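Engineer: Structure of the sequence below:
(one chain, ligands or ions: 2)
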Amino acid sequence: MTAPDDTPERCQAPERPRLRVARLFRTQPLLLDCGVPVSDVRLAYHTYGTPQDTATLVLHALTGTSAVHEWWPDFLGEGKPLDTGRDYVICANVLGGCAGSSGPADLPTLGGQDAPLTLRDLARAGRALLEHLGVRRVRIVGGSMGGMLAYAWLLECPDLVEKAVIIGAPARHSPWAIGLNTAARSAIRAAPGGEGLKVARQIAMLSYRSPESFAATQAGQRQGVPAITSYLHHQGEKLHARFCERTYVALTGAMDAFQPSDAELRTIRTPVLAVGISSDQLYPAAEVQASAAFLPHARYVELNSIHGHDAFLMDAGNLPEQVSAFLKS
Ligand SMILES: CC(=O)SCCNC(=O)CCNC(=O)[C@H](O)C(C)(C)COP(=O)(O)OP(=O)(O)OC[C@H]1O[C@@H](n2cnc3c(N)ncnc32)[C@H](O)[C@@H]1OP(=O)(O)O
Ligand SMILES: N[C@@H](CCO)C(=O)O
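Structural biologist: Ligands and ions are numbered 1, 2, ... in the order given. Take a look at the predicted model:
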């Protein structure tokens, strides 16, 4: 990863993707929904393509980063939905994240605890980044947490959003999703310092794939233990090496607390493409479809894959073509 800088790239097209950091809310603080004001917020971001005043904004998943080229190669590039030959593509690590943006350790506390963040807080911080970059209108594309955050953008910044693609995400968390996050946060609180985060990732991984996916990829033994056991340990170690437990608690808390009403969802006038994933155990396709049904201008399509929730990242099928067609329409 190259060193970040805070220079908006107005005059030249970037040669290689580069992490930049914008410093926002330096004169006027961001007032979080919990009532705490935050000044001098850092948002780390990548841009792709030539700067324009209309952009495509990518909203990453829970443990994602702004480096879309690293995690979504099927979607980013010339002729792809995030068309670097035609569009100005922006992705920022969310407020509260741990990939260059201001995270819980940088933010003020509330009653001695990390100040709770909301998805609307994250959207408001993102809006300030767009202003910093001179962007007036956006098409937004988000998967998983990024899809829920897209709902927050549609409610918080309807004036900015031209259209939205919401992949593998409901408008609000079900008891099932909150329950999984509760168990993950309990693990972190029971074993702070890393071991709990590893267990949290193991729990989450079981909801990100499917029984059929693991039967296909993790049958049998590996080094004397069931392959799935060794796989989950490996995934726990991997997340521990790249993620922060306070961010995990903050972002899962923000997702769980986001509960827009049916009436609020019906006010969304923006055209939306909602995508369910046939084998999603975390956010069942029917739940994604039911959320989209509240939106007056939503179309629903389904990605068929055995690989569960993570299919949008690893087994996208013809979804890139469908997203391209929607964004160009
Ligand atoms: C690649 C990145 O961009 S990660 C940084 C940014 N992260 C994000 O944006 C979040 C979104 N990305 C993700 O969640 C993930 O990267 C995904 C879903 C796209 C892919 O997950 P992966 O873990 O790479 O894929 P998969 O489930 O196939 O696991 C492969 C890994 O498990 C290891 N593995 C597979 N089976 C086993 C097993 N039985 N025992 C031990 N290890 C195993 C592989 O060796 C490989 O390890 P490595 O990643 O250290 O090379
Ligand atoms: N696997 C993705 C999806 C989570 O929703 C991540 O780790 O962020």
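
Engineer: Could you list the low-confidence segments of the stretch 1-150 of the chain?
Structural biologist: 1-15 (pLDDT under 70).

Engineer: And the helices in it?
Structural biologist: Assigned by DSSP state H, counting those that start in this stretch, the stretch 1-150 of the chain shows helices spanning 68-71, 119-132, 145-156.

Engineer: how close does whatever residue of the stretch 101-250 of the chain ends up closest to ligand 2 get to ligand 1?
Structural biologist: Evaluated by C-beta to the nearest ligand atom, the stretch 101-250 of the chain has residue 144 as its residue closest to ligand 2, separated by 3.3 Å. For glycine as for every other residue, the C-beta is placed from the backbone atoms N, C-alpha and C. To ligand 1, residue 144 is 8 Å away according to C-beta to the nearest ligand atom, to the nearest Å.

Engineer: So what's the residue count around that residue?
Structural biologist: 27 (other C-beta atoms under 10 Å).

Engineer: cool, residue 321 as well?
Structural biologist: Close neighbours of residue 321, defined as other C-beta under 10 Å, add up to 12.

Engineer: That one: helix or strand, and which one exactly?
Structural biologist: Assigned by DSSP states H and E, residue 321 belongs to helix 319-328.

Engineer: What parts of this protein come near ligand 1?
Structural biologist: 60-61, 63-65, 70-71, 218, 222, 227, 230-231, 234-235, 238, 310, 313-314 (C-beta under 6 Å from any ligand atom).

Engineer: From those, keep the buried residues only.
Structural biologist: Listed as buried from the residues of the chain next to ligand 1 are 60, 61, 63, 64, 65, 71, 218, 231, 235, 310, 313; burial here means 16 or more other C-beta atoms under 10 Å.

Engineer: Quick one: residues contacting the first one.
Structural biologist: What it means is residue 60. 66, 68, 71, 91, 93, 94, 142, 143, 145, 146 (C-beta atoms under 8 Å, 6 or more residues apart in numbering).

Engineer: same question, the second one
Structural biologist: Residues in contact with residue 61 (C-beta under 8 Å, 6+ apart) are 143, 144, 145, 146, 313.

Engineer: leaving aside the residues next to it on the chain, what's closest to it?
Structural biologist: Leaving aside its chain neighbours, residue 61 sits nearest to residue 144 (3.9 Å; criterion: C-beta to C-beta, 6 or more residues apart in numbering).

Engineer: Pick the one among the contacts of residue 61 closest to residue 136.
Structural biologist: residue 146 (21.4 Å; C-beta to C-beta).

Engineer: Report pLDDT for the residue nearest to residue 223 when sequence neighbours are not counted.
Structural biologist: Once flanking residues are discounted, residue 223 sits nearest to residue 230: 6.2 Å by C-beta to C-beta, 6+ apart. According to the prediction, residue 230 has pLDDT 98.

Engineer: For the helix or strand containing residue 230, output the C-alpha coordinates as CSV.
Structural biologist: Using DSSP H and E, residue 230 maps to helix 227-242. Provided in CSV are the C-alpha atoms of helix 227-242 (Å, rounded to 0.1, in the frame of the first residue of the first chain):
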residue,chain,number,x,y,z
ALA,A,227,-11.0,-29.2,6.9
ILE,A,228,-13.7,-26.7,8.0
THR,A,229,-12.2,-26.5,11.4
SER,A,230,-8.8,-25.6,10.0
TYR,A,231,-10.5,-23.2,7.5
LEU,A,232,-12.3,-21.3,10.2
HIS,A,233,-9.1,-21.0,12.3
HIS,A,234,-7.3,-19.7,9.3
GLN,A,235,-10.1,-17.1,8.6
GLY,A,236,-10.0,-16.0,12.2
GLU,A,237,-6.2,-15.5,12.0
LYS,A,238,-6.6,-13.6,8.7
LEU,A,239,-9.1,-11.1,10.1
HIS,A,240,-7.1,-10.6,13.3
ALA,A,241,-4.1,-9.6,11.2
ARG,A,242,-6.0,-6.9,9.3
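
Engineer: near ligand 2, anything from the very next helix or strand once past it?
Structural biologist: Using DSSP H and E, the helix or strand that directly follows helix 227-242 along the chain is helix 245-257. No - contact of helix 245-257 with ligand 2 (C-beta under 6 Å from any ligand atom) is absent, the minimum separation being 9.2 Å.

Engineer: now do stretch 223-235
Structural biologist: No - against ligand 2, stretch 223-235 shows no contacts by C-beta under 6 Å from any ligand atom, the least distance being 9.4 Å.

Engineer: which outside residues touch that stretch?
Structural biologist: By C-beta under 8 Å, 6+ apart, stretch 223-235 touches 198, 201, 202, 205, 206, 214, 218, 219, 220, 221, 222.

Engineer: tell me the contacts of the residue lying closest to the second one once chain neighbours are set aside?
Structural biologist: For residue 201, the nearest residue in space outside its immediate sequence neighbours is residue 239; the separation is 4.0 Å by C-beta to C-beta, 6+ apart. Residues counted as contacts of residue 239 (C-beta under 8 Å, 6+ apart) are 63, 197, 198, 200, 201.
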